[in-house]
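1. Can you look at this prediction? I've put the sequence above it.
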Amino acid sequence: MAESKPDMSLKDQGNEFFKAGNFLKAAAIYTQAIKKDPSNPTLYSNRAAAFLNLVKLQKALSDAETTISLNPSWDKGYFRKGCVLEAMERYDDALDAFKIALQHNPQSTEVSRKIKRLTQLSKDKKRSEEVDNLRSNVNLAKHLDSFKSELAQKHVNEEYWKDMFSFLVETMETAVKTWHQTSKVDARVHFQLDKEKTDTEKYAPVVNVDKAFESPHTHGDCVSFLRQYAVDSCSRAACLIVPKSSISYPQVWKGQGPRKWKHGQTDGFFVEFESPLVRKEWFIPSSSEKGQILCRDPVALDISAHEVIPKIFKDT
């Protein structure tokens with residue numbers, strides 16, 4: 001433990017406690033010294049360092065600011081400020097402070113290292129915030145303008161096609177949010193039931209099809225079941241959501257082999273939409289960024305080459 005000597009100045013006593021790791025005692029001694037010499041920037045700088053080690057960041061920042069105001073040309077005040085702002089994760093502000101410190105002391109390798117590190121931390125933080133924003137503010141409608149136009153052309157009734165579009169967007173966005181939370185989705189077909197005709201006590205809006213892709217037999221049985229379900233439930237449209245990893249059958253599409261797939265090896269899931277007049281398919285790839293699972297923009301597929309299940313609605 002540091003011990004003060006009678007002939008030592010308060011600043012030196014504080015420094016001894018600081019070196020010994022007793023930051024609380026050091027801060028107290030520096031405070032005594034400041035009361036005797038309130039215009040000494042070194043004392044505020046030293047106390048800022050002590051407060052920083054005690055994680056009293058607002059007090060440390062205040063002392064760093066006071067250090068700068070007392071000696072605007074001293075690099076140490078800006079260095080202290082930069083260190084405190086770094087601890088606050090205010091990386092852009094910390095960078096600004098370190099850059100000013102470097103202007104006053106261009107030879108400082110410590111400041112140069114700080115600037116290099118903070119530049120990367122700032123980039124990482126911004127990207128992490130972007131990823132969080134992309135994960136939370138899911139908006140797939142903006143990627144479906146061409147599909148929306150096609151629905152409008154095929155269906156005269158505006159309310160009818162708008163409901164159908166909303167059904168698709170809601171189903172896709174729910175799947176994306178689930179993927180973000182759990183890194184997976186269940187293989188299911190979502191049906192847009194007719195509000196007036198469907199017996200909702202008998203027919204649910206979601207059908208589990210997780211066994212459909214295990215073999216040609218289960219695949220064929222599932223398709224037959226879905227076709228009958230679409231008729232009996234008076235559904236207007238259907239939307240299949242299935243993870244890429246679940247598809248063991250068909251392993252390739254239309255006998256073209258893996259070369260037919262042009263969208264990389266990334267994980268993700270398929271979205272296949274169908275109504276009696278329209279069929280569309282998308283693949284939503286995903287990746288890991290900053291420790292977070294992030295769904296990418298949907299990729300439109302040629303459904304004639306990559307259909308996951310055959311047509312289930314009869315033409316009208």
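-> Right, received. Where do you want to start? Residues are numbered from 1 along each chain as shown.
2. Determine the number of other residues adjacent to residue 110.
-> Residue 110: 12 surrounding residues under other C-beta atoms under 10 Å. Every residue, glycine included, has its C-beta placed from N, CA and C.
3. by contact count, what packs against the helix or strand where residue 219 lies?
-> Under the criterion of DSSP states H and E, residue 219 resides in helix 216-232. Under the contact criterion of 3 or more C-beta pairs under 8 Å, 6 or more residues apart in numbering; DSSP states H and E, helix 216-232 touches strand 188-193, strand 235-243.
4. Identify all contacting residues around stretch 55-63.
-> Identification of contacts with stretch 55-63 by C-beta atoms under 8 Å, 6 or more residues apart in numbering yields 44-45, 47-49, 51-52, 80-81, 84-85, 87-88.
5. Weed out the non-buried ones from these.
-> Using 16 or more other C-beta atoms under 10 Å as the burial test, those include 44, 45, 47, 48, 49, 51, 52, 80, 81, 84, 85 as buried.
6. In contact with the fourth one, which residues are there?
-> When the contact criterion is C-beta under 8 Å, 6+ apart, the partners of residue 48 are 60, 61, 63, 64, 67, 80, 84.
7. And the helices in the stretch 1-150 of the chain, which stretches?
-> 10-19, 23-36, 41-53, 57-70, 75-87, 91-104, 109-136, 145-154 (DSSP state H, counting those that start in this stretch).
8. In CSV, list the ones you listed along with mean pLDDT and distance to residue 195.
-> Converted to CSV, the helices of the stretch 1-150 of the chain look like this (pLDDT from 0 to 100; distance: least, C-beta to C-beta, whole Å):
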stretch, mean pLDDT, distance to residue 195
helix 10-19, 95, 73
helix 23-36, 97, 68
helix 41-53, 98, 63
helix 57-70, 98, 57
helix 75-87, 97, 57
helix 91-104, 96, 52
helix 109-136, 91, 31
helix 145-154, 93, 18
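9. of all these, which lies closest to residue 186?
-> With C-beta to C-beta as the measure, helix 109-136 is the member of the helices of the stretch 1-150 of the chain nearest residue 186 (19.6 Å).
10. helices or strands up against that closest one?
-> Against helix 109-136 (3+ C-beta pairs under 8 Å, 6+ apart) you get helix 75-87, helix 91-104, strand 292-295.
11. ok now the first one, how far from the chain's centre?
-> On the basis of C-alpha atoms, centre = their mean, to the nearest Å, the separation between the geometric centre of helix 75-87 and that of its chain is 30 Å.
12. Next, the angle from that helix to helix 41-53.
-> Angle of helix 75-87 versus helix 41-53, following axes from the mean of the first three to the mean of the last three C-alpha atoms, to 10 degrees, is 20 degrees.
13. contacts for helix 75-87?
-> So helix 75-87 is contacted by 41-42, 45, 48-49, 52, 55, 57, 60-61, 63-65, 67-68, 70-71, 91, 93-95, 97-98, 100-102, 104-105, 108, 110-111, 114, 118, 121 (C-beta under 8 Å, 6+ apart).
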